[in-house]
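Chemist: quick one, structure for this:
(chains A and B)
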Amino acid sequence: GAVVSQHPSWVICKSGTSVKIECRSLDFQATTMFWYRQFPKQSLMLMATSNEGSKATYEQGVEKDKFLINHASLTLSTLTVTSAHPEDSSFYICSAKGIGEKLFFGSGTQLSVL
Amino acid sequence: EDQVTQSPEALRLQEGESSSLNCSYTVSGLRGLFWYRQDPGKGPEFLFTLYSAGEEKEKERLKATLTKKESFLHITAPKPEDSATYLCAVRKGGSEKLVFGKGTKLTVNP
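Modeler: The predicted structure follows:
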């Protein structure tokens, strides 16, 4: 089946630094990728929709200057959390739209900001 | 506003004790209801997509059904390895977005 690889699995950083998370579709081309955030015992909340070669579409309340998304190729999207603060600590998950209506998810990145 | 409500929040079963998880939804123009399994610290794993009322799909011990207002995930004779959080999500017509419920955390005791 389709595989989406997400790295790193976990990252700890100091407040004020930036963190980049990569999401790759390994065996299919994904024109659309999605970035979600999940807090403990909460549902996945869509942050932004990333389309290859164009600007990302951000959900209401998500700061586009803080969460930079780049989708430079059909197999790679990156999320950069700029000037991270403790309140940005969360589980970030990417997904890629494959053939048909299926969405395939990465394994997630646990971000802890000290 | 599109909403997905899952119940119960948590469910404990003994191995072999069958049960059902519920997903109630309100969405205009449903274009798919999705079930995912999520293990701790992992991304969701796709289980099923249902598109129209009356549709059913099965995979091993799991069976998903759909009506116009809700979906059920039936678990028959569960095993401890079925322990996970089960997520329900809907997509509406004209959108690529999925709206997720909070999930049901299932624990199956041996």
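Chemist: which residues sit in contact with B:W35?
Modeler: Residues counted as contacts of B:W35 (Cβ atoms under 8 Å, 6 or more residues apart in numbering or on different chains) are B:23, B:47-50, B:62, B:64, B:71, B:73, B:86-88. Glycine gets a C-beta too; all of them are placed from N, C-alpha and C.
Chemist: go on, A:A96?
Modeler: By Cβ under 8 Å, 6+ apart, the contact list for A:A96 reads A:2, A:4, A:23, A:25, A:28, A:30, A:32-34, A:77, A:103-104.
Chemist: one step back: ok, and the most crowded of the contacts of B:W35?
Modeler: For the contacts of B:W35, neighbours were counted using other Cβ atoms under 10 Å in any protein chain shown, and B:C88 has the most, 31 neighbours in all.
Chemist: just the element for the spatially closest residue to that one that is not a sequence neighbour, please.
Modeler: Leaving aside its sequence neighbours, B:C88 sits nearest to B:C23 (Cβ to Cβ, 6 or more residues apart in numbering or on different chains; 3.5 Å). Using DSSP states H and E, B:C23 sits in strand B:19-26.
Chemist: please name the nearest non-neighbouring residue to B:A64.
Modeler: Nearest residue to B:A64 in three dimensions, chain neighbours excluded: B:F48, at 4.4 Å (Cβ to Cβ, 6+ apart).
Chemist: and chain A, which of its residues are near chain B?
Modeler: By the criterion of Cβ under 8 Å from any Cβ of the partner chain, the positions of chain A lying close to chain B are A:4, A:6, A:32, A:34, A:41-46, A:49, A:91, A:93, A:95, A:97, A:101-108, A:110.
Chemist: distance of B:A89 from chain A?
Modeler: The spacing between B:A89 and chain A, counted by Cβ to the nearest Cβ, to the nearest Å, is 8 Å.
Chemist: name the element that residue belongs to?
Modeler: strand B:84-92.
Chemist: same deal with A:F34?
Modeler: Once you assign secondary structure using DSSP H and E, A:F34 falls within strand A:32-38.
Chemist: so how far is that strand off the chain centroid?
Modeler: Taking the mean C-alpha point of strand A:32-38 and that of its whole chain, the gap between them comes to 5 Å (Cα atoms, centre = their mean, to the nearest Å).
Chemist: dump the next helix or strand after that strand to PDB, keeping only the CA atoms.
Modeler: Helices and strands here follow DSSP H and E; after strand A:32-38, the next one along the chain is strand A:45-51. What follows is the C-alpha trace of strand A:45-51 in PDB, where atoms were taken according to Å, rounded to 0.1, in the frame of the first residue of the first chain:
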ATOM      1  CA  MET A  45      -7.200  19.600  13.500                       C
ATOM      2  CA  LEU A  46      -6.400  20.500  10.000                       C
ATOM      3  CA  MET A  47      -3.800  23.300   9.800                       C
ATOM      4  CA  ALA A  48      -3.300  23.800   6.100                       C
ATOM      5  CA  THR A  49      -3.600  22.200   2.700                       C
ATOM      6  CA  SER A  50      -0.500  22.100   0.600                       C
ATOM      7  CA  ASN A  51      -0.600  21.900  -3.200                       C
END
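Chemist: what packs against strand A:45-51?
Modeler: When contacts are defined as 3 or more Cβ pairs under 8 Å, 6 or more residues apart in numbering or on different chains; DSSP states H and E, strand A:45-51 sits against strand A:32-38, strand A:57-58, strand A:67-73.
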